[in-house]
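*Asks:* predicted coordinates and the sequence they were generated for:
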Amino acid sequence: MTAVIPLNSRTILGLNQEAYQQLRLALSLNLRRQLLIAVCDDAALQNELATRLEADLNGSANGTSEDNGPNLPAVVNLWLDRQNLDLARQAVLWCKQQGLTHPSLVKSLPTFQMLGIDQLTRYSPALQNRFLASLTHLEPLLSRLEVRLVLWVSRPWLRKIRQSVPQVWQLRNGLFEFAGDPTPLYPVEAIEPVVANKSRPQPPVLAPAPTPAQADSLEAQAIDFWTVLTEDLSALEAPSAPPAPQRNETASGTGSTDALTGAVQPPPAAIPSLLIPFAQNSARSEPKTPKSEVLEFETLELKIPEPSAPEPKAPKSEVLDPATLEQATLKPVTPKPVTPRTPAAAPPPNGAAPPSAPPAPDPVIPDAHLLALWQHIQSLTQQQAGPLTLARAYLFLGQTCRDRIEAGNHHPDLIDLALEAYTRALPNLKPGSPEWGDGLNDLGSLYWLRSHREPHPEGIIHWLQQSIQAYRAVLGYPQPPSEEGLARLHSNLGTVYSLLANLQDPTQNLEQSARAYHRALQYRPADTFPTEYAVLQNSLGAIHWRLAQQSDTRNHLHRAITAYSEALRYRSPQASPQEYAMIQNNLGIAYWSLAQHERPVFLLGQAVAAYRSALAYRTLSTDPAGCAATHNNLGTAYWDLAQHQDKHPEGQRTLWQQALSAYETALTAAQRALGEAPDTPLSFDLWATFHSAGVVHDQLAQHLPEAHFDLRAKHLDQALLHYLTALDGWRALPDRLDLLKNALIHNIRLQFQIRGVEGQNAVLSRIPAELLPDILPQL
């Protein structure tokens, strides 16, 4: 008989020291969905090893861990007896008793040690077979719950499990063998578990064992663990045997990505969560996402268009030519979407390897923790672990990298390692399973991130197409993901298509993007998901605005206005002031664009109202860059309105004054934004705004009454100052430089008309010498 040695003595381990430390290390790595098999023929030693492992891990975590919720142990022991033969069900009922009834709490599960299996040697063959059949429930348990299992068995039972339920053997992530004398066949009553901590949670009270007929049903049908978790525990503990639960295909536990929630400007569009999204799940297998991200069109770049050009169908970066000022109309710069967040990935259909997965036989491991995970996978490979075990280990490594990427670490080595891990994991995951779908979703987002490192359009196109293939692989599988997953995938698709439209086939890719956003909206109704609904509508508005630049202009602009207006219904300025301001700015851009084709005065008035609503929240203190962009757009709208007031001089001058005030505020806000952060990207051409402000100054000087000589002269001087400032930024742009020369010629002529030869000569003395050969002949 084997002597029992105190647990605080290292001699308990002896030859088993190495195996014990390996088992402890495997559990300390906190890998999810692990099935570890510990083999020990000595029942007493087996119990003491399990108790020591429980004490070590609970002690090192102080009762909790990074993954476990408060007041939950790191390790829980579950004991098998003839009344409780189904270990998987015991684990689920323990969760129920602890109040872990919501999928979002599944990440809080401890490690379960399954003990007492050797007792079955004393039971009838029927009970032993029923136990072996119940082991098939471990696979659905591991696929649905983020849990670790340690199965303690003797060598005879290990052989029986390998022969009778080979699928469980294939699930194993590690095998740890301990030396010990076989335990004599004591009476069943004599075998009692060793209790190391009486305060630890006790095994739950279970319902009586199922009848043979019910056991057969359980063998043929996997337990729906989500249903069990949400059942009434009292019903599960009823004296009558519970019926086999019905499988609920909709309860996949899939979390949403942050679908895409980002700020949007002119016409916004959702970026692959960036808010492209990583799949965000309640369980570790689901990507986190982030926030539901939407593209924001950058504010219109207000530039005064060339007067001789007809009304363009798409906004262009144009400036006023003072020589034909009467016909000139301000036109904003095409809005640009805000950079999206990272999308979540998805695997190829039918379990095939992801398309064109980037080869990385020897990936660079960024840090020690990731290196430990990689070495653990190599250890599993040397142990000839099953393909599913290796796949889940690679998946965990990929998800760990993904979480760091979502936290803001976009180091190339980290992204490459994540891609390598996912592309190795996905071919051996079960197609249609939640972890397969979430993995592909994450992969699609990683491909999107990878495209950022490409210096040439061809490389960017390649990775964006890979991203689209990954998302479509999940959507094309016969068993679709949850509605939350469908919304995330369609939103990510919409974002990637919108980015691809910048590089090739703009009309086709934008139409695909619009279809994807429409489908995403089907799964995010406004009454249930108001924030995500608003984000998607904002993105849809941005896509229709861009489509309006390609064809069917009026139709798409009307659709953009509808989408933005719908988004504003579910965005509160009190709750999300900057997002609300962004959508108002986008709505103003859409109104301004449509005003170039119909009802100009009415629609320009609507644009002004939208811009002013945005500026209530885009202030110098809260968002100087956004404040500058929206004031720039507002100045353009006032300028255009003034062109329709030529029969009302007073009203026209008032609108010019308002345009000038908006431009001057835009310049002040832009200078403040650049002063606070010199690298701040502006969504409009700052030099064009200087030029536009100069044009308005010239207009006021020309049309003010002659009695206001001093004021007219001041406007002329301010116009010249703005033109010379614009020259600093436009010297290397021939087209812009020509416009600037025309503006200077117009200003010099006005100086002569208002101030005479003396005023004209004073201006000529301030003109850079290199411009005079082009200017003097035209005076």
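*Replies:* Structure's in. What do you need? Computed from a predicted structure; not experimentally measured.
*Asks:* pretty sure Cys401 contacts Leu417?
*Replies:* Yes. Using C-beta atoms under 8 Å, Cys401 makes contact with Leu417 at a distance of 5.4 Å. Just so you know, the C-beta spots here come from the backbone N, C-alpha and C atoms, and that holds for glycine as well.
*Asks:* show me whatever sits in contact with both of the two.
*Replies:* Counting by C-beta atoms under 8 Å, 6 or more residues apart in numbering, the common neighbours of Cys401 and Leu417 are Leu370.
*Asks:* show me which of the two is the more surrounded one.
*Replies:* Between Cys401 and Leu417, Cys401 has the larger neighbour count (other C-beta atoms under 10 Å), namely 27 against 24.
*Asks:* show me what the strand or helix carrying the more buried one is packed against.
*Replies:* Assigned by DSSP states H and E, Cys401 belongs to helix 387-406. With contacts taken as 3 or more C-beta pairs under 8 Å, 6 or more residues apart in numbering; DSSP states H and E, helix 387-406 sits against helix 166-171, helix 368-382, helix 412-425, helix 434-451.
*Asks:* I'd like those written out as TSV, with distance to Thr389 added.
*Replies:* Converted to TSV, the helices and strands packed on helix 387-406 look like this (distance: least, C-beta to C-beta, whole Å):
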stretch	distance to Thr389
helix 166-171	7
helix 368-382	6
helix 412-425	11
helix 434-451	13
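*Asks:* those: which one's closest to Trp157?
*Replies:* Each of those has some distance to Trp157 by C-beta to C-beta; the shortest is helix 166-171, at 11.7 Å.
*Asks:* buried residues, the helix or strand following that closest one. List them.
*Replies:* Once helix 166-171 ends, the next helix or strand along the chain (criterion: DSSP H and E) is strand 174-177. Across strand 174-177, burial judged by 16 or more other C-beta atoms under 10 Å covers 174, 176.
*Asks:* just the residues contacting strand 174-177, thanks.
*Replies:* By C-beta under 8 Å, 6+ apart, strand 174-177 touches 19-20, 22-23, 26, 34, 36-40, 380, 383, 385.
*Asks:* looking at the helices and strands packed on helix 387-406, which is buried most?
*Replies:* Mean neighbours per residue, mean count of other C-beta atoms under 10 Å, is largest over the helices and strands packed on helix 387-406 for helix 434-451, with a mean of 32.
*Asks:* what distance separates the start and the end of stretch 139-153?
*Replies:* 18 Å (C-alpha to C-alpha, to the nearest Å).
*Asks:* quick check: buried residues in it?
*Replies:* Applying a neighbour-count criterion of 16+ other C-beta under 10 Å, one finds 139-153 buried in stretch 139-153.
*Asks:* any idea of the angle the helix holding Cys401 forms with helix 434-451?
*Replies:* 50 degrees (axes from the mean of the first three to the mean of the last three C-alpha atoms, to 10 degrees).
*Asks:* what distance separates helix 387-406 from the middle of the whole chain?
*Replies:* Between the centre of helix 387-406 and the centre of its chain there are 17 Å (C-alpha atoms, centre = their mean, to the nearest Å).
*Asks:* do stretch 44-61 as well
*Replies:* 40 Å.
*Asks:* just stretch 737-752 next, same as before
*Replies:* That offset, for stretch 737-752, works out to 50 Å (C-alpha atoms, centre = their mean).
*Asks:* mind listing what's buried in that stretch?
*Replies:* In stretch 737-752, counting by 16+ other C-beta under 10 Å, buried: 737, 739-752.
*Asks:* sort out for me which of those are in helices.
*Replies:* Residues of the buried residues of stretch 737-752 located in helices (DSSP state H): 737, 739-752.
*Asks:* quick one: which of these is nearest to Asp728?
*Replies:* Distance ranking of these against Asp728, using C-beta to C-beta, places Leu740 first at 10.6 Å.
*Asks:* tell me the mean pLDDT for the helix holding Cys401?
*Replies:* Mean pLDDT, helix 387-406: 92.
*Asks:* just the angle between it and helix 368-382, please?
*Replies:* Helix 387-406 runs at 170 degrees relative to helix 368-382, counting by the same axes, to 10 degrees.
*Asks:* which helices and strands does the helix or strand encompassing Gln469 pack with?
*Replies:* Assigned by DSSP H and E, Gln469 belongs to helix 457-475. In terms of contacts (3+ C-beta pairs under 8 Å, 6+ apart), helix 457-475 is packed against helix 434-451, helix 483-500.
*Asks:* show me the chain divided up by domain.
*Replies:* In terms of domains, the chain is parsed into 10-187+212-236, 259-300+335-576, 305-333+618-779 (source: automatic domain parsing).
*Asks:* just name the most buried of the ones you listed.
*Replies:* Note that of those, domain 259-300+335-576 is the most buried (mean count of other C-beta under 10 Å), with a mean of 23.
*Asks:* how distant is it from the center of its chain?
*Replies:* What separates the centre of domain 259-300+335-576 from the centre of its chain is 7 Å, taken as C-alpha atoms, centre = their mean.
*Asks:* stretch 692-701 too?
*Replies:* Centroid separation for stretch 692-701 versus its chain: 46 Å, with C-alpha atoms, centre = their mean.
*Asks:* now do the helices in the stretch 501-650 of the chain.
*Replies:* Taking DSSP state H, counting those that start in this stretch as the test, the helices found in the stretch 501-650 of the chain are 506-522, 530-548, 553-569, 577-595, 600-615, 624-643, 649-676.
*Asks:* tabulate those helices (CSV), appending distance to Val76.
*Replies:* Formatted as CSV, the helices of the stretch 501-650 of the chain follow (distance: least, C-beta to C-beta, whole Å):
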stretch, distance to Val76
helix 506-522, 40
helix 530-548, 37
helix 553-569, 47
helix 577-595, 44
helix 600-615, 55
helix 624-643, 52
helix 649-676, 53
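*Asks:* could these be laid out in JSON lines, adding distance to Gln699 and mean pLDDT?
*Replies:* Output for the helices of the stretch 501-650 of the chain, formatted as JSON lines (distance: least, C-beta to C-beta, whole Å; pLDDT from 0 to 100):
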{"stretch": "helix 506-522", "distance to Gln699": "36", "mean pLDDT": "97"}
{"stretch": "helix 530-548", "distance to Gln699": "29", "mean pLDDT": "96"}
{"stretch": "helix 553-569", "distance to Gln699": "28", "mean pLDDT": "97"}
{"stretch": "helix 577-595", "distance to Gln699": "20", "mean pLDDT": "97"}
{"stretch": "helix 600-615", "distance to Gln699": "17", "mean pLDDT": "97"}
{"stretch": "helix 624-643", "distance to Gln699": "8", "mean pLDDT": "96"}
{"stretch": "helix 649-676", "distance to Gln699": "6", "mean pLDDT": "95"}
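*Asks:* now do the same end-to-end measure for stretch 753-772.
*Replies:* End-to-end distance of stretch 753-772 (C-alpha to C-alpha): 20 Å.
*Asks:* same check, this time on stretch 402-415
*Replies:* Using C-alpha to C-alpha, the distance between the terminal residues of stretch 402-415 is 8 Å.
*Asks:* cool, and stretch 72-85?
*Replies:* 24 Å.
*Asks:* same check, this time on stretch 373-389
*Replies:* Stretch 373-389 has an end-to-end distance of 14 Å (C-alpha to C-alpha).
*Asks:* tell me what the helix or strand where Ala26 lies is packed against?
*Replies:* Here Ala26, judged by DSSP H and E, is contained in helix 17-28. For helix 17-28, the packing partners by 3+ C-beta pairs under 8 Å, 6+ apart come out as strand 34-39, helix 43-61, strand 148-153, strand 174-177.
*Asks:* lowest mean pLDDT across these, which one is that?
*Replies:* For these, the weakest mean pLDDT is recorded on helix 43-61, namely a mean of 82.
*Asks:* distance of Leu547 relative to Gly386?
*Replies:* Going from Leu547 to Gly386 by C-beta to C-beta, to the nearest Å gives 50 Å.
*Asks:* what's the closest of the contacts of strand 174-177 to Pro624?
*Replies:* Gln34 (51.1 Å).
*Asks:* please name the bridge partners of the closest one.
*Replies:* For Gln34, the beta-bridge partners under DSSP bridges are Arg148.
*Asks:* from Glu146, how far out is it?
*Replies:* Distance from Gln34 to Glu146, by C-beta to C-beta: 10 Å.
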